[in-house]
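Visitor: What follows is a predicted protein model with its sequence.
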Amino acid sequence: MNHYLPDVVTELTYNTKNDFVRASMIEDNDDDDMYPDAMMYPQGMMTNMLSLRDTDGVFPGNDNDHDGIPDNDKNYNTPDYDEPFLMFDVDPDEFVFGDDFNNNSVPDFREDDLKYDTPYDLDRQGHHINLRFTPQQNVNFYLGSFQTRGVALDTRTDDNYFKFNLNYDVYTVGKIYAEYRYERIKDNIQDQYVIVPTQNKYMANPWGVFSRFDSYLYWDEVEYRNSKVQRFFLESTVRPVSILTIENHVKYEMNRMVEGSMYDNTFQPKDNLSTLAVVNKFILTKKWGNWTVSPGIKFRLYKKGRSESSNPLDHYMMRIPLIFLRYDLSSRTNITYGMQGVKGFELLYKDYIQDHNDYRQINNTIQIENRTNYFGFDVWLGFGYRLEEVTFDKTYRKFEEYKSSTFFSRLWLGY
């Protein structure tokens, strides 16, 4: 196949007919944006964007507004769940819950799988049958059987499941979503998937931009070869009084690995793999005239471990206190002062496996912002001053403690 690659600098054409190009008739577009996840020719919204991968990154289920920016990194630097103040409203990916029928610990709606967008995977045969019973509105019971076999390989994914969910929404009080599942799983298929870290990376040169995001390929750890699995998820937002909001997020899973010889003539030892992810948040908001004060506190806990290991695989806790004080100069201009932690009650990070990672942090920010319309454009301008202090609990890490201050100015232009 003769294939010619144009050079964007010299506008010449290189003859690469000794090579070949795979021209797929079916695209992979897991994030459902304007570009396929892999392209034969470079395309993009930016001039001379040379990446053959999706130019704005691939963020399945993490770009609901389709702006090419991941929802957990809206300001193009580090993930918002690690960034002061923004971390109060954003949590890491391990707190996300959803269907995971290929059992690789990545919810299906968030998975970049490098596969063509066919209804079912290639090289598979089987069925997926489910029955739903709804005794009343917002209450559902499910019975399902998901059975697949490899055509060319002796592999399988068997998942017989029971599921119950409750979706209760009362406008004046709040809303709650709860789900419980019991699954009997036999899955020895090692699915691969891609993770695009939510950290913007530009590789610039005088003529264009080669890449905007890195992509890393991972393989399923196959933790559900022969398992009895229970999963529970709870997400609620409750306002007992008009000025107080209480948010809870609980994700729990128990994977009981059945001991013995299995269907593929391999042996699996007994083990229990458990995962717990909890977020509790309390926010108080009160307004007096042009003044608004909003104190809050958030706790984030994550633990993953196995019964046959003396130490958890991962176990940490974060305490995130926050106070906002805002004065509205006009309907378009305000001054905001934010404190994330104070002396004696700082942001606290505790690593229960390696305590030398424990640290405390205080952030103070004052900002003046203005938002206006200019010839059809939505213009936001903010400038201010930021102060950060980080201390460590261990004496031998004292030399790493620091204080930093920053003057900043930001301008956003949209339409």
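Guide: Yes, it's here.

Visitor: so what does the one helix or strand Met339 maps to touch, helix or strand wise?
Guide: Assessed by DSSP states H and E, Met339 sits inside strand 333-340. Counting contacts by 3 or more C-beta pairs under 8 Å, 6 or more residues apart in numbering; DSSP states H and E, strand 333-340 packs against strand 314-328, strand 359-374. Any C-beta I mention is one placed from the backbone N, CA and C, and that applies to glycine too.

Visitor: Each with direction, which strands does that strand pair with?
Guide: strand 314-328 (antiparallel), strand 359-374 (antiparallel) (DSSP bridges).

Visitor: buried sites along the shortest one?
Guide: Residues 315-324, 326 are the ones in strand 314-328 that count as buried (16 or more other C-beta atoms under 10 Å).

Visitor: now swap in the last one and tell me
Guide: Using 16+ other C-beta under 10 Å as the burial criterion, the residues of strand 359-374 that qualify are 359-365, 367, 369.

Visitor: again, but for stretch 298-318
Guide: Quick answer for stretch 298-318 (16+ other C-beta under 10 Å): 298, 300-306, 312, 315-318.

Visitor: Please apply the same query to stretch 250-266.
Guide: 250-253, 255-258.

Visitor: how about a markdown table for the residues you listed, with pLDDT and distance to Asp121 added?
Guide: Converted to a markdown table, the buried residues of stretch 250-266 look like this (pLDDT from 0 to 100; distance: C-beta to C-beta, whole Å):
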| residue | pLDDT | distance to Asp121 |
| --- | --- | --- |
| Val250 | 97 | 31 |
| Lys251 | 97 | 26 |
| Tyr252 | 97 | 29 |
| Glu253 | 97 | 23 |
| Asn255 | 97 | 22 |
| Arg256 | 96 | 27 |
| Met257 | 96 | 24 |
| Val258 | 95 | 25 |
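
Visitor: and Tyr116, what helix or strand is that in?
Guide: Going by DSSP H and E, Tyr116 is not in any helix or strand.

Visitor: quick one: contacts for the residue found closest to Lys398 once you drop the neighbours it is linked to in the chain?
Guide: Computed as C-beta to C-beta, 6 or more residues apart in numbering, the closest residue to Lys398 that is not its neighbour in sequence is Phe392, at 6.5 Å. Applying C-beta atoms under 8 Å, 6 or more residues apart in numbering, we find Phe392 in contact with 356, 358-360, 398, 400-401.

Visitor: Put together TSV for these, with distance to Thr148 and pLDDT on each row.
Guide: Converted to TSV, the contacts of Phe392 look like this (distance: C-beta to C-beta, whole Å; pLDDT from 0 to 100):
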residue	distance to Thr148	pLDDT
His356	45	93
Asp358	45	95
Tyr359	46	96
Arg360	50	96
Lys398	56	92
Glu400	50	93
Glu401	54	94
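
Visitor: Spatially central residue in the protein, please.
Guide: Asp93 (3.4 Å; C-alpha atoms, centre = their mean).

Visitor: Provide a list of residues in contact with that residue.
Guide: 72, 110.

Visitor: distance of it from Asp73?
Guide: Noted for Asp93: a distance of 12 Å to Asp73, by C-beta to C-beta, to the nearest Å.

Visitor: Equivalent analysis for Pro197, please.
Guide: Here Pro197 is placed at a distance of 9 Å from Asp73 (C-beta to C-beta).

Visitor: any shared contact partners between those two?
Guide: Common neighbours of Pro197 and Asp73 (C-beta under 8 Å, 6+ apart) are Pro79.

Visitor: Compare neighbour counts for those two and give me the winner.
Guide: Just comparing Pro197 and Asp73: by other C-beta atoms under 10 Å the higher neighbour count belongs to Asp73, 23 against 15.

Visitor: wait, isn't that one in contact with Pro79?
Guide: Yes - counting by C-beta atoms under 8 Å, Asp73 does reach Pro79; the two are 5.2 Å apart.

Visitor: Can you pull the phi/psi pair for Lys270?
Guide: Phi and psi for Lys270, reported as degrees, to the nearest 10, are phi -70, psi 140.

Visitor: now the buried residues of strand 314-328 in a markdown table, with pLDDT and distance to Asp154?
Guide: Below are the buried residues of strand 314-328 laid out as a markdown table (pLDDT from 0 to 100; distance: C-beta to C-beta, whole Å):
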| residue | pLDDT | distance to Asp154 |
| --- | --- | --- |
| His315 | 95 | 38 |
| Tyr316 | 96 | 40 |
| Met317 | 97 | 44 |
| Met318 | 97 | 45 |
| Arg319 | 97 | 50 |
| Ile320 | 97 | 49 |
| Pro321 | 97 | 55 |
| Leu322 | 96 | 54 |
| Ile323 | 96 | 60 |
| Phe324 | 95 | 59 |
| Arg326 | 96 | 63 |
